[in-house]
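**Q** no letters, just coordinates:
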């Protein structure tokens, strides 16, 4: 399984850290804090699809920014509307 490239992981984490909201990727039964570079390195693979959960005061802006950065790196996510 190919891993996502390092530049994608760093950019995803940096983008997430601009927001106060909690931003979590769900993959099977795993939940990864997107603000954690280590969590992304150990879990993010380019051939998988993830659910993105965003909760907090700037959730709408965070969802849009995260969807954009994932798409830029050809990573497939489903932004969960809760």
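**A** Sure thing, it's come through. None of these values were measured; they are calculated from a predicted model. Numbering: from 1, shown residues only.
**Q** so which elements touch the helix or strand of the chain with the lowest mean pLDDT?
**A** Within the chain, confidence by mean pLDDT, DSSP states H and E is lowest for helix 37-43 among all helices and strands, at a mean of 86. Counting contacts by 3 or more CB pairs under 8 Å, 6 or more residues apart in numbering; DSSP states H and E, helix 37-43 packs against helix 6-16, strand 30-33. All C-beta spots, glycine's among them, are computed from the backbone N, C-alpha and C.
**Q** looking at these, which is closest to residue 56?
**A** helix 6-16 (11.2 Å; CB to CB).
**Q** not counting the closest one itself, show me its contacts.
**A** If you take CB atoms under 8 Å, 6 or more residues apart in numbering as the criterion, helix 6-16 is touched by 23, 34-37, 40-41, 44, 62, 65-66, 69-70, 72-73, 75.
**Q** continuing past it, what's the next helix or strand?
**A** strand 22-27 (DSSP states H and E).
**Q** list the buried residues of that following strand.
**A** Neighbour counts using 16 or more other CB atoms under 10 Å place 23, 24, 25 of strand 22-27 among the buried residues.
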